[in-house]
Structures are given as structure tokens and as C-alpha cells.
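Chemist: sequence plus predicted model, see below.
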Amino acid sequence: MLLIYVQKVTPRVSYTFKHVCKRILGIEVDLTSKIETFIAHDGPKFSYGKQPLSKELYFQSVDLLFEHGLNDLDIHVSDWDETKCFFEVKHEDSALPYDIFAATFYLLTRYEEYLPHVKDAMGRFPATESLAYANGFLQDPVVDIWALKFKKNLIEKYPSLEFQKKNLAIIPIISVSETFAYKHKGFLRSIGGGIRDLWRLKIDELTNRIKVILGLKKDPFDTFDFIVNLQKNRKRKCKVLFGLGDYSNYEKNIGYNNPRHRIIIKHISDYIEVGLKVSYHAINDLLTLTKEKQRIEGVLNRRLKYAICSFFKIKLPEAYRNFIELEIDEDYSMGYSRYSGFRAGTCSPFMFYDLDYEVQTPLKIHSFCFANLGYREGFESETSARNEIISYVEKIKKVDGVFIPVFSNILFGELYGQLFWKSIFEFIWNLDDE
């Protein structure tokens, strides 16, 4: 066990050190504010604060982990070896030149998303407003990189210290906004769609629509056999998250109680873990979210554990508080739709910390770094997409993190032309987790 001395054990201190030490590095940690306890401890230990106690391993702190509420922080990002960091410290005895623990807390809690900022057209926090984007480290899992630098300090001081072994993990996510493109849409929607195709002179699309409705061709969005067959051939922790919201400008799926819809969801849940794609209107509306949760649980006949927000719209802290209220265990929304990278600066799962209440919650957040729901620009070829994915996998493998790509089921069909996404997904599926 690793003992840490701090002048005051605050919820922020406890949250941050337990995440860095236990969740990332795999070592048990304890905190104390009693000097006598720290001095008497014979095992590995260090202090964290404004000044060292004596000649112990010491990391200088800034004020962030000992504050309450939100403050307007003056942040300067600097180059540090092959990465970047902020919250520089000046004490000559500090083992690191930055307070990586305060910087970690700032990124994990999404501190900047609580502060005033310009929202995009859908009311989201845009990547371009983030500290990571502005300073060129959005594409790097800096929290995990900093943790390895910290680990190096520990090993130099305590060579016999043992850390739990971790390996690269890969968890592909399928977000299902529309289970079918043409089938089971009902008479009025099918007629309306056909008239729209004709008006826009999309004759090929109209022909495909008619063939699918008549049962002469498979629906292009029904790509679930492809996903299930991959799962049968090689077990992987994939998750398929279905949208069951009411029809609206943002939600176009068929009815949750449609028999064919329920059959598809049940079939997939026999092989792959299934969760909920929370509708746009349910993200911050507890009653609507409760209704959608009851729908998916009614289909699965088991408790909902996994969720993702439509369009990755997370309004903090309300959206996550609603998840906690309904006992949803894990969220997969932490990322950006138009930009690849690490929204929370990490490729390791972490617990949501509510900055308003100053408390760690039971909701586990999984940060994805690559997403394509069918409208991503910049991937004109399979090579460009594959190279970007390989780049992220290599970065994450160096820190033994978790690679989470998010895709839509519609990418694996023929409707939108870029058929190479099917082979990209197969490529990801067959990557080694070691």
C-alpha cells in the first residue's frame, strides 16, 4: 500500500489520488493528514502540498484540490518532454515540475464545461472551446501519460513497489439511431419517404425502398447479422445501444413496441451486451429518460446498465445526475462528434465527480476517442480512416488504456456509399488486446 500525506484530505484529493494510483496504476493507496502516521509508516509513501515535510518523496501542489466550487483559473499549457502539461510548480524539491494531480482533476471533472462557454448549434460543448484543442493535446491521453511519469518516480524511490498489470483493451460501441432504413416504418412514413425520393429525383433510393418493403432486398440499416457473426467468431466486449425515443426531429427510429424491433434487440442481446441510446429530449428530462429506460428493460427483461447520449450531448451535471438517479452504471458519451481525441484527456474509465456537490458518484464514464455515426468528414478512403485508428491504438497501448471507437449500424450497409467502414470495423474487431 502507498501512503500519501496531505495537509487536508478533501473529496477532490481522495478522488484524484485513488483514480491515478488505483484505477490507472493498479496500486492501493491511503491518505492521511496526520504527520505522526506518515512518519511511522515504513512502506512506500510521499507527501503532496505546498512544502515538503523533510526529505521524503514530495510533489508540490497548487490550490485546486483544496478548493470548493468553481473559480476562474489562469492556465498556461507548456511542453513537457514529449507531452504537454499545466499547473507548473516551482519548488526545487518537487519530484515533478507540474501538479499532474490537479491537472488530472481539471480534465476528468470537465471543469471547463461548467464555466461559461460558447455552445454549438445543438447546445453542446464544442471541441474547439476546450483547453486540449486550443493547446494541441486533444489527440493524446495526457492523464495516462502523466500517470506513467509519476509511476517512474515511485519506482526510482521504491524499486520493490508492485503495480497491477494492465493491457490494452478494446470496446467497440454501436449506436443505433435507426434500426431500419425502410422496413417497419408504417404506411404514412413509407409513402412520405417514397414521395420525397421521387421529388428529389433519387430514383435508385426509391427503387431500393420499394424492393426492401416488398421483401426483395435486405434493409440497408439491418447490419446486425454482420456484428453478431463477428461476436461469434471472436469474443469482444462490444456494446450495441438502441434508441427507443419517441419520433421527433431528432429521433427517427421505429416504435419501441414494434414486434420486429423487439425481436432484433432480443436477438442481439443473446450475443452482445445491449444498452440505451438516450434520445435528444431525454438527456436532460428525467421523466422522458425514465420512460425510455423502462422500454429497453421491458424488451431485455433485465436492468439497464449502459447508455450513450444522442449526438454526444452532455449537459453537465444534469445529464449524469439523471443517469445516477435511475441507477445507470456506465456512460459512453464522453467524446466529440466532429473531432477525434480524448475529451477528458484520458483513455481509462473514471468515476463522475459532481463539482456542484463535491462528491464522487457511482457513475462510470468511458471516454471514446474515435466516432463515426455516418456524417464524419475527412475520411474519403479506407487508408485515412485506418491510419487514424492505428495511431490511436498505438498511443493507448503505450499507456495500457482502453480504445473505444463509436460507430453507427448504418455505416456497414450500402446506403451511404463508403463501404470500407465494414472492413474498418472488422479490422478493429480483430486487433489484439495485448
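Modeler: Looks like it came in fine. Residues are numbered from 1 along each chain as shown.
Chemist: please name the residues that touch the residue lying closest to residue 137 once chain neighbours are set aside.
Modeler: Computed as CB to CB, 6 or more residues apart in numbering, the closest residue to residue 137 that is not its neighbour in sequence is residue 84, at 4.5 Å. For every residue, glycine as well, the C-beta is placed using N, CA and C. Neighbouring residues of residue 84 by CB atoms under 8 Å, 6 or more residues apart in numbering: 77-78, 135-137, 140, 142.
Chemist: which of the residues you listed ranks first by neighbour count?
Modeler: Compared across the contacts of residue 84, residue 142 has the highest neighbour count, 26 neighbours, by other CB atoms under 10 Å.
Chemist: just give me the neighbour total for the residue lying closest to it once chain neighbours are set aside.
Modeler: For residue 142, ignoring the flanking residues on the chain, the nearest one in space by CB to CB, 6+ apart is residue 345 at 4.9 Å. Residue 345 has 25 neighbouring residues, counting by other CB under 10 Å.
Chemist: thought residue 345 was touching residue 132?
Modeler: Yes. Counting by CB atoms under 8 Å, residue 132 is a contact partner of residue 345 at 6.2 Å.
Chemist: secondary structure class of residue 3, three-state.
Modeler: With DSSP: H, G, I helix; E, B strand; the rest coil as the basis, residue 3 sits in strand.
Chemist: which residues touch the residue nearest to it when sequence neighbours are not counted?
Modeler: Once flanking residues are discounted, residue 3 sits nearest to residue 45: 4.1 Å by CB to CB, 6+ apart. Neighbour list for residue 45: 2-5, 38, 56-57 [criterion: CB under 8 Å, 6+ apart].
Chemist: which of these lies closest to residue 219?
Modeler: Using CB to CB, residue 2 is the member of the contacts of residue 45 that lies nearest residue 219, at 54.9 Å.
Chemist: check that closest one and give its pLDDT.
Modeler: Note for residue 2: predicted pLDDT of 95.
Chemist: now the longest strand seen in the chain, how far from the chain's geometric center?
Modeler: Using DSSP state E, we find that the single longest strand of the chain is strand 359-367. Put simply, strand 359-367 sits 11 Å off its chain's centre (CA atoms, centre = their mean, to the nearest Å).
Chemist: check which residues of it are buried.
Modeler: Within strand 359-367, the residues that count as buried by 16 or more other CB atoms under 10 Å are 360-361, 363-367.
Chemist: then stretch 84-99?
Modeler: 84-89, 94-96, 98-99.
Chemist: which of those fall in strands?
Modeler: Counted as lying in strands by DSSP E, out of those, are 84-85.
Chemist: run through the stretch 101-250 of the chain and note the low-pLDDT ranges.
Modeler: Flagging of the stretch 101-250 of the chain using pLDDT under 70 yields the residue ranges 184, 186-216.
Chemist: alpha carbons of stretch 358-375, as PDB, please.
Modeler: Extracted in PDB, the C-alpha atoms of stretch 358-375 (Å, rounded to 0.1, in the frame of the first residue of the first chain):
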ATOM      1  CA  GLU A 358     -18.200  18.000  -4.400                       C
ATOM      2  CA  VAL A 359     -18.700  14.200  -4.400                       C
ATOM      3  CA  GLN A 360     -17.600  11.200  -6.400                       C
ATOM      4  CA  THR A 361     -20.600   9.400  -7.800                       C
ATOM      5  CA  PRO A 362     -21.100   5.700  -8.700                       C
ATOM      6  CA  LEU A 363     -21.400   6.500 -12.500                       C
ATOM      7  CA  LYS A 364     -18.500   5.200 -14.500                       C
ATOM      8  CA  ILE A 365     -17.500   7.300 -17.600                       C
ATOM      9  CA  HIS A 366     -15.900   5.600 -20.600                       C
ATOM     10  CA  SER A 367     -14.100   8.100 -22.900                       C
ATOM     11  CA  PHE A 368     -14.100   7.300 -26.600                       C
ATOM     12  CA  CYS A 369     -11.500   8.900 -28.900                       C
ATOM     13  CA  PHE A 370     -12.900   8.000 -32.400                       C
ATOM     14  CA  ALA A 371     -16.500   8.200 -33.700                       C
ATOM     15  CA  ASN A 372     -18.400   8.000 -36.900                       C
ATOM     16  CA  LEU A 373     -22.200   8.000 -36.900                       C
ATOM     17  CA  GLY A 374     -22.400   8.400 -40.600                       C
ATOM     18  CA  TYR A 375     -21.600  12.100 -41.100                       C
END
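Chemist: tell me the mean pLDDT for it?
Modeler: Here stretch 358-375 scores 93 as its mean pLDDT.
Chemist: please shift the residue numbers so they start at 23 in all later answers.
Modeler: Done: numbering now begins at 23, and the last item shifts to stretch 380-397.
Chemist: quick one: end-to-end distance for stretch 34-51.
Modeler: 15 Å (CA to CA, to the nearest Å).
Chemist: quick one: average confidence on it?
Modeler: 97.
Chemist: and that stretch, how far out from the chain's middle?
Modeler: On CA atoms, centre = their mean, the centre of stretch 34-51 falls 19 Å from that of its chain.
Chemist: now that stretch: buried residues?
Modeler: In stretch 34-51, counting by 16+ other CB under 10 Å, buried: 34-43, 45-47, 49, 51.
Chemist: one step back: spell out the secondary structure type for the residue nearest to residue 164.
Modeler: Per three-state DSSP, residue 367 ends up coil.
Chemist: where do the strands of the stretch 223-372 of the chain begin and end?
Modeler: Using DSSP state E, counting those that start in this stretch, the strands of the stretch 223-372 of the chain run over 261-265, 295-300, 328-331, 352-356, 372-376.
Chemist: got a list of contacts for the longest strand of the chain?
Modeler: Here strand 381-389 makes contact (CB under 8 Å, 6+ apart) with 33, 36-37, 193, 342, 345-346, 350-354, 356-357, 364-366, 368-376, 424, 426.
Chemist: in its sheet, what does that strand sit against?
Modeler: Sheet pairing of strand 381-389 (DSSP bridges) gives strand 352-356 (parallel), strand 372-376 (antiparallel).
Chemist: quick one: closest of those strands to residue 71.
Modeler: Closest to residue 71 of the strands paired with strand 381-389, according to CB to CB: strand 372-376, at 21.0 Å.
Chemist: any idea how far the closest one is from the chain center?
Modeler: Relative to its chain's centre, strand 372-376 lies at 12 Å (CA atoms, centre = their mean).
Chemist: would you mark the buried spots in that strand?
Modeler: Residues of strand 372-376 classed as buried: 372, 374-376 (neighbour count, 16+ other CB under 10 Å).
Chemist: same question, stretch 338-345
Modeler: Neighbour-count burial for stretch 338-345 [16+ other CB under 10 Å]: 338-339, 341-345.
Chemist: same question for stretch 446-456.
Modeler: Going by neighbour count (16+ other CB under 10 Å), the buried part of stretch 446-456 is 446-447, 450-451, 453.
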